[in-house]
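[1] Got a predicted structure plus its sequence, pasted below:
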Amino acid sequence: MFFGEELYLMLKFHQQGYSLYSPPCTLAYHLWERSYRRTFAGDHPQRPRQQVCLETIRKAVLSDASFLQDMLSRRGVDLVNKTYTRVAECGGLDPSFI
């Protein structure tokens, strides 16, 4: 696993016709904070190959206009401008439903 795989998988699922659901409430929790422990990434500085992979993902995502539009209209996430709307805070649901 590497940074960026979630977005890359979302892109691939979208390209295969899948619709993703984002629940408006927390179903599971992941402690993202890593300062309290050692990490593989911390012990192994990022290599040029990893940067190439991340750049490849960025280009793939930004070149798919359909995916970009779906992310903005259905999920409220603007990947081009790196912003999000109220819709994103509600898991893609109409805010009036929450």
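    Cool, the structure landed. Residues are numbered from 1 along each chain as shown.

[2] can you pull out the strands in the protein?
    77-78, 83-84 (DSSP state E).

[3] so what strands line up beside the first one?
    Okay, so that is strand 77-78. Sheet partners assigned to strand 77-78 using DSSP bridges are listed as strand 83-84 (antiparallel).

[4] Next, report how far the strand it pairs with is displaced from the centre of its chain.
    Chain-centre distance of strand 83-84: 12 Å, with Cα atoms, centre = their mean, to the nearest Å.

[5] quick one: contacts of it?
    Here strand 83-84 makes contact (Cβ atoms under 8 Å, 6 or more residues apart in numbering) with 76-78. Heads up, the C-betas are built off the backbone N, CA and C, glycines and all.

[6] if you set the cut-off to 6 Å instead, what comes out?
    Here strand 83-84 makes contact (Cβ atoms under 6 Å, 6 or more residues apart in numbering) with 76-77.

[7] Pull out the buried positions in the helix or strand of the chain with the lowest mean pLDDT.
    None of the helices or strands of the chain scores lower by mean pLDDT, DSSP states H and E than helix 40-43, at a mean of 73. By neighbour count on 16 or more other Cβ atoms under 10 Å, the buried set for helix 40-43 is empty.

[8] show me where the chain has helices.
    Taking DSSP state H as the criterion, the chain carries its helices at 5-15, 40-43, 48-62, 65-75, 86-89.

[9] Reformat these as TSV; add distance to residue 31.
    Converted to TSV, the helices of the chain look like this (distance: least, Cβ to Cβ, whole Å):
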stretch	distance to residue 31
helix 5-15	16
helix 40-43	16
helix 48-62	23
helix 65-75	24
helix 86-89	21
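
[10] Relative to residue 85, how far out is the residue nearest to residue 68 when sequence neighbours are not counted?
    In space, and not counting its chain neighbours, residue 68 is closest to residue 79: 5.8 Å by Cβ to Cβ, 6 or more residues apart in numbering. To residue 85, residue 79 is 12 Å away according to Cβ to Cβ, to the nearest Å.
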